[in-house]
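**Student:** kindly generate the corresponding structure for this input.
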Amino acid sequence: TCAAPILPFACLGAAQVLARAIPHGKRRLLLPLAVLLAGAPTAAKSVLFDRLLTRPDARVELARWLQTAPEVPDDARLALDHTFWTTGALPTWAFGRTDAQLEDMEAAAGSDAQRDRLRRLRTIGERQGGRRFALHFLIQDNEESASRSTFSRPTLPMRPEALSGAGIDLLVVSGMRDGPGWERLAALLEGVRPVFEVHTGAARRGGEGSLEGLENAGLPFLWKEITSRRCLGAGLTIYDWADLNPAR
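**Tutor:** Numbering: from 1, shown residues only. Got it, this is the predicted structure:
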């Protein structure tokens, strides 16, 4: 953070040195070359990212299933695994929310801008229609429960008893199955058949069209979507919590 303000001044200083060292007539030739060298890597990554955005996204397929599957109860309570929380991939556009959750979040909002955004979300949900869900985000044992987004989100510790106590109906799991506390849920998933799963391979690490390295390639403003697609876009699995917790 300390080095960030120095960079513009360093660039200006280097430009002044070059301006004095290079004859005036040759500067016009060097300027397009400098622009090309500086902009080419970012442009190439932008094209790659645009191509990746056109590929299938598992979150979209999962949302379609949730809206149409007869296995999904009315006002279902969904527990989204910790990658939804860690990456900030708030799937409001896909899953919707119950009116009660939105009202509680609006009451707890810390600014007029947050309350206005929540009102817009409620309007969008009413306009789209379809099923509504209560969302709960699982957090790892070493994470704080304080909000990391523009408004608070209901969170649950990654412990089976917490999910049972919240009345969870469905557990949504990504391919990033690691982190403190995950072993408790992993033991429950062994040998249990999911009620739905989708794998697109759109964001597989190291493969063709990989997202690897895009975060630091001149696209910092797209970091959240890049990370979300890496963790969630390639595959999602959904389990019936009653199958994982027979004692419920």
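
**Student:** how does the chain divide up, domain by domain?
**Tutor:** Domain assignment for the chain by automatic domain parsing gives 6-44, 55-244.

**Student:** can you tell me the helix or strand for L135?
**Tutor:** strand 134-139 (DSSP states H and E).

**Student:** surely W182 is in contact with R159?
**Tutor:** No: counting by Cβ atoms under 8 Å, W182 does not reach R159; the two are 10.8 Å apart. Using the backbone N, CA and C atoms, a C-beta is placed for each residue, glycine as well.

**Student:** more neighbours: the two, which one.
**Tutor:** W182 (19 against 14; other Cβ atoms under 10 Å).

**Student:** skip the chain neighbours and tell me the closest residue to that one.
**Tutor:** Distances taken as Cβ to Cβ, 6 or more residues apart in numbering place M158 nearest to W182, at 6.4 Å, with adjacent residues excluded.

**Student:** what's the answer for A109, then?
**Tutor:** R115 (4.5 Å).

**Student:** burial measure for the one you found, as a count.
**Tutor:** Neighbours around R115, by other Cβ under 10 Å: 16.

**Student:** three-state assignment of it?
**Tutor:** With DSSP: H, G, I helix; E, B strand; the rest coil as the basis, R115 sits in helix.

**Student:** quick one: it and P154, what's the gap?
**Tutor:** 17 Å (Cβ to Cβ, to the nearest Å).

**Student:** out of the helices and strands in this protein, which is least certain?
**Tutor:** Every helix and strand in the chain was compared by mean pLDDT, DSSP states H and E; the lowest is helix 92-95, with a mean of 46.

**Student:** hmm, L62 is touching V172, no?
**Tutor:** Yes: contact criterion Cβ under 8 Å: L62 and V172 qualify, at 7.1 Å.

**Student:** joint contacts of these two?
**Tutor:** By the contact definition Cβ atoms under 8 Å, 6 or more residues apart in numbering, L62 and V172 are jointly contacted by L236, I238.

**Student:** name every strand pairing with the next helix or strand after the strand holding L135 and say which way it goes.
**Tutor:** The C-terminal neighbour of strand 134-139 among helices and strands, as given by DSSP H and E, is strand 155-157. Neighbouring strands of strand 155-157 in its sheet, by DSSP bridges, are strand 134-139 (parallel).

**Student:** how about the CA coordinates for the partner strand, as CSV?
**Tutor:** C-alpha atoms of strand 134-139 as CSV (Å, rounded to 0.1, in the frame of the first residue of the first chain):
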residue,chain,number,x,y,z
ALA,A,134,-33.8,-18.1,2.3
LEU,A,135,-30.0,-18.0,1.8
HIS,A,136,-27.4,-18.8,4.5
PHE,A,137,-23.7,-18.5,3.8
LEU,A,138,-21.4,-21.0,5.5
ILE,A,139,-18.2,-19.5,6.9
